[in-house]
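Enquirer: sequence and computational prediction follow.
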Amino acid sequence: MARENAGVRQRTNVTLPEALLREARQLNINLSQACERGLSAAVLEMKAAQWQQENQAAIEAWNAHVEEKGLPLAENRQF
């Protein structure tokens, strides 16, 4: 999950449920690292959803093409 400017950090406040925070501290979970992992996963998920939405027309066109004409070079595929 290497990020551009990964060395540059910015302080922020995060509000978490008290019970979850207490349990995380009891388990010695590094809150900054856990939040960063969760936020990175959320960013990747959102980017994937945006890409899917932005490219939906092309995906549908390709699927229609394959349905109509088959896969390119299908005769060369080995099963």
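Expert: It's in.
Enquirer: what's the neighbour count on residue 68?
Expert: If you count neighbours by other CB atoms under 10 Å, residue 68 ends up with 7. The C-beta positions use only the backbone N, C-alpha and C, and glycine is treated the same way.
Enquirer: kindly apply the preceding question to residue 57 instead.
Expert: Neighbours of residue 57 (other CB under 10 Å): 9.
Enquirer: kindly report the same for residue 24.
Expert: The local packing of residue 24 (other CB under 10 Å) involves 14 other residues.
Enquirer: can you pull the contacts of it?
Expert: Residues near residue 24 by CB atoms under 8 Å, 6 or more residues apart in numbering: 31, 34.
Enquirer: in terms of helices and strands, where is it?
Expert: helix 18-26 (DSSP states H and E).
Enquirer: after that helix comes which helix or strand?
Expert: Going down the chain from helix 18-26, the next helix or strand is helix 31-54, by DSSP H and E.
Enquirer: and the helix or strand just after that next one, how far from the chain's centre?
Expert: Per DSSP H and E, the first helix or strand lying C-terminal to helix 31-54 is helix 56-69. Relative to the mean C-alpha coordinate of its chain, helix 56-69 is positioned 25 Å out (CA atoms, centre = their mean, to the nearest Å).
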